[in-house]
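Participant: just to be clear, the model below is a prediction. Sequence and coordinates:
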Protein chains: 2
Amino acid sequence: MNQDLSRVTTVSAAMQQAALAYRAAGRKIGVVPTMGALHDGHLALIRRARELADVVVTTIFVNPLQFGKSEDLSRYPRNLDKDVQLATAAGSDLIFAPPENDVYPAGFSTHVEVEGVTEPLEGRSRPGHFRGVTTIVAKLLQIVQPHVAVFGQKDAQQVVVVKKMVRDLCFPVEIVIVPTVREPDGLALSSRNVYLSPSQRSEAPVLYQALQLGERLLRGGERSCDAVRRKMRDLITSRSSGEIDYVSIANGLNLQEATEADPGHPFLLSLAVRFGSTRLIDNIPVML
Amino acid sequence: MNQDLSRVTTVSAAMQQAALAYRAAGRKIGVVPTMGALHDGHLALIRRARELADVVVTTIFVNPLQFGKSEDLSRYPRNLDKDVQLATAAGSDLIFAPPENDVYPAGFSTHVEVEGVTEPLEGRSRPGHFRGVTTIVAKLLQIVQPHVAVFGQKDAQQVVVVKKMVRDLCFPVEIVIVPTVREPDGLALSSRNVYLSPSQRSEAPVLYQALQLGERLLRGGERSCDAVRRKMRDLITSRSSGEIDYVSIANGLNLQEATEADPGHPFLLSLAVRFGSTRLIDNIPVML
């Protein structure tokens, strides 16, 4: 038996009981919510949580609610044993890895929904996605009772949505964001990168290249967001076979598409590109 | 200055900080969520919370989200000073009475929604009502961090809906229900009873009489729920000027209308009747 599996809890009620006991004992709890298939990006989140909390809980749950019908739920990579080893080595004290029927028992019918910031970008391309995200995050926050929750900048809109939910409903938790971890060629780490064929993989750094181009243009004084988007799109189509879902330069607070890039405001440059059936996303937050 | 007002907190962040400090000190927190205009029914909830918890928090907030556009939000009775005195005398340690812009600041856009049990009965007559209820209760549970929350049986469907939300999202709180408190003539106490004219007030006990008739018929062996509903309706129309919104005999768990009253199952007899612009509700849970 893998010794590390003693660190795995699969029952919500047991996890919550342990969490409440840690709280009662004055221990600070940090949580890193994941869907498993852990890579160095996730491990950076766990290491950050390790710095911030006394007890680090990594949750591993491939949340069906946040997948669309035609999405990759069934083929999403799963490897609990390896995830437990990696998370533990990065500083996780406990793994909470519940089965689906524990999280969503028969008759489950409650959802948490954020309006507004969930509508553009990923929300437009993936209807219902953020309703699934906010429902599972709200539930995990109740089960794990964390003082701090660590998320990756890679899912930029998720960060905005989760922060909005936490603020609106007064969840007593601090949301901490860790920068995106990248391959040497710039490709953002993602559990979905394993789906890429060798030729797709060689083209995939074009996402980050387009984002860097956009940032360079804006920092160079280009004020027309349309012009910047157009040049980013041109770069992607000229250098890859990727099919653009969106290329966005948005207000960093409300995620509405920006027209003028006025200095002094936060912007989010983000994009989604398909390589065959694999959809990749990336982003750079830019303060001009 | 009223001495009791020192017990009133109006800022969510301050209330939550106090609640987390009570929790850290090992004190058991009980909450009684109300919309104010406290009557003996509310005071029974506060007294029950007093028995169950070390620190009793009464929340007073007339929640606009749970009122429909044509409902009585603007005329809903408000009297904070009197409420503070009554709640304190009944055993409340703290009153949390936030203004609307603290609970729903500009840009607030998060909701909690329960499907299924919210659809019949009050949900059908008051679209959006339970979405408002679950959103405010979820938020109050985060702010007050209670171990136990006390609700009245008077709002029977609210009880079912709140319990469902708490179970689905794993809120670490026990929901305790207190039986409906009634006037000597059987009328259930309600903050809305003050709207009744003297003649309407004299007719209003017909709600409870109809419920008692229904219970008597079922306990007497009548198995046809349709027959029972018909006799309850006949009683209301023959003895009052009230306009029936609904008369229901439902499965006590999922609130679906029942056909056969099979022994061994919980049923909820409930009704809503309008007297002029005043809408009254009442119910009796029956285990056959």
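Facilitator: It's in.
Participant: now do the strands in chain A.
Facilitator: Here chain A has its strands, by DSSP state E, at A:8-9, A:29-34, A:55-60, A:94-96, A:110-114, A:148-152, A:174-178, A:243-251, A:266-275, A:278-287.
Participant: show me what the second one is in contact with.
Facilitator: Residues from elsewhere that reach strand A:29-34, judged by Cβ atoms under 8 Å, 6 or more residues apart in numbering or on different chains: A:19, A:22-23, A:42, A:45-46, A:49-50, A:52-61, A:83, A:87, A:92, A:136-137, A:140-141, A:144-151. Every residue, glycine included, has its C-beta placed from N, CA and C.
Participant: kindly format the C-alpha coordinates of it as CSV.
Facilitator: Coordinates of each C-alpha in strand A:29-34 appear next as CSV, following Å, rounded to 0.1, in the frame of the first residue of the first chain:
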residue,chain,number,x,y,z
ILE,A,29,-5.9,26.2,6.9
GLY,A,30,-4.9,26.7,3.3
VAL,A,31,-6.7,25.0,0.4
VAL,A,32,-5.6,24.4,-3.2
PRO,A,33,-8.6,23.3,-5.3
THR,A,34,-7.6,21.2,-8.3
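Participant: skip the chain neighbours and tell me the closest residue to the residue in the stretch 1-150 of chain A positioned nearest to chain B.
Facilitator: Going by Cβ to the nearest Cβ, chain B is nearest to residue A:110 of the stretch 1-150 of chain A, at 3.6 Å. Nearest residue to residue A:110 in three dimensions, chain neighbours excluded: residue B:168, at 3.6 Å (Cβ to Cβ, 6 or more residues apart in numbering or on different chains).
Participant: per-residue confidence at the one you found?
Facilitator: At residue B:168, the model reports a pLDDT of 98.
Participant: how about the residues of the stretch 1-150 of chain A near chain B?
Facilitator: Contact residues, the stretch 1-150 of chain A versus chain B (Cβ under 8 Å from any Cβ of the partner chain): A:12, A:16, A:20, A:23-24, A:26, A:107-117, A:134-135, A:138-139, A:142-143, A:145.
Participant: can you pull the contacts of residue A:257?
Facilitator: If you count contacts by Cβ under 8 Å, 6+ apart, residue A:257 has them with A:120, A:225, A:248, A:249, A:250, A:251.
Participant: one step back: can you get me a residue count around the residue of the stretch 1-150 of chain A closest to chain B?
Facilitator: Other residues near residue A:110 come to 22 when the count uses other Cβ atoms under 10 Å in any protein chain shown.
Participant: residue contacts, it?
Facilitator: Residues near residue A:110 by Cβ under 8 Å, 6+ apart: A:135, B:112, B:113, B:114, B:115, B:134, B:164, B:165, B:168, B:169.
Participant: just residue A:260 next, same as before
Facilitator: Applying Cβ under 8 Å, 6+ apart to residue A:260 gives the contacts A:223, A:224, A:225.
Participant: quick one: pLDDT of it?
Facilitator: Note for residue A:260: predicted pLDDT of 96.
Participant: report the beta-bridge partners for it.
Facilitator: Following DSSP bridges, residue A:260 is listed with bridge partners residue A:224.
Participant: tally up the residues packed near the nearest residue to residue A:122 once chain neighbours are set aside, please.
Facilitator: Closest residue to residue A:122 apart from its sequence neighbours, by Cβ to Cβ, 6+ apart: residue A:157 at 5.0 Å. Residue A:157 is flanked by 23 other residues according to other Cβ under 10 Å.
Participant: need the helices for the stretch 1-150 of chain A, in chain order.
Facilitator: For the stretch 1-150 of chain A, helices defined by DSSP state H, counting those that start in this stretch occupy the ranges A:12-24, A:40-52, A:80-90, A:100-103, A:122-125, A:129-144.
Participant: what packs against the fifth one?
Facilitator: Contacts defined by 3 or more Cβ pairs under 8 Å, 6 or more residues apart in numbering or on different chains; DSSP states H and E place helix A:122-125 against helix A:129-144, helix A:156-169, strand A:243-251.
Participant: kindly report the same for the third one.
Facilitator: Using 3+ Cβ pairs under 8 Å, 6+ apart, the elements in contact with helix A:80-90 are helix A:40-52, strand A:55-60, strand A:94-96.
Participant: and what of the first one?
Facilitator: Of the remaining helices and strands, those touching helix A:12-24 by 3+ Cβ pairs under 8 Å, 6+ apart are strand A:29-34, strand A:55-60, strand A:94-96, helix A:129-144, helix B:12-24.
Participant: could you check the angle strand A:55-60 makes with that helix?
Facilitator: 160 degrees (axes from the mean of the first three to the mean of the last three Cα atoms, to 10 degrees).
Participant: contact partners of helix A:12-24?
Facilitator: In this structure, residues lying in contact with helix A:12-24 by Cβ under 8 Å, 6+ apart are A:9, A:29, A:54-55, A:57, A:94, A:96, A:98, A:102-103, A:142-146, B:23-24, B:26, B:170, B:172.
Participant: among the residues you listed, which ones are buried?
Facilitator: When the contacts of helix A:12-24 are checked for burial by 16 or more other Cβ atoms under 10 Å in any protein chain shown, the buried set is A:9, A:29, A:55, A:57, A:94, A:96, A:98, A:102-103, A:142-146, B:23, B:170, B:172.
Participant: now do the spatially closest residue to residue A:259 that is not a sequence neighbour: how many residues are near it, please.
Facilitator: Nearest residue to residue A:259, sequence neighbours excluded (Cβ to Cβ, 6+ apart): residue A:225, at 5.8 Å. By other Cβ under 10 Å, 21 other residues sit near residue A:225.
Participant: residues contacting residue A:225?
Facilitator: By Cβ under 8 Å, 6+ apart, the contact list for residue A:225 reads A:249, A:257, A:258, A:259, A:260, A:261.
Participant: so who does the residue of the stretch 151-288 of chain A found nearest chain B touch?
Facilitator: Closest to chain B within the stretch 151-288 of chain A is residue A:168: 3.6 Å, counting by Cβ to the nearest Cβ. Applying Cβ under 8 Å, 6+ apart to residue A:168 gives the contacts A:114, B:108, B:109, B:110, B:139.
Participant: got a PyMOL select line for the buried ones in those residues?
Facilitator: In PyMOL syntax, the buried subset of the contacts of residue A:168 is picked out as below (16+ other Cβ under 10 Å):
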select buried, (chain A and resi 114) or (chain B and resi 108+110+139)
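Participant: on that earlier part again, list buried residues within the contacts of strand A:29-34.
Facilitator: Here, 16+ other Cβ under 10 Å leaves A:19, A:22-23, A:42, A:45-46, A:49-50, A:52-53, A:55-61, A:83, A:87, A:92, A:136-137, A:140-141, A:144-151 buried among the contacts of strand A:29-34.
Participant: and the helices and strands packed on helix A:80-90 as TSV, adding distance to residue A:193 and mean pLDDT?
Facilitator: Converted to TSV, the helices and strands packed on helix A:80-90 look like this (distance: least, Cβ to Cβ, whole Å; pLDDT from 0 to 100):
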stretch	distance to residue A:193	mean pLDDT
helix A:40-52	10	98
strand A:55-60	18	98
strand A:94-96	23	98
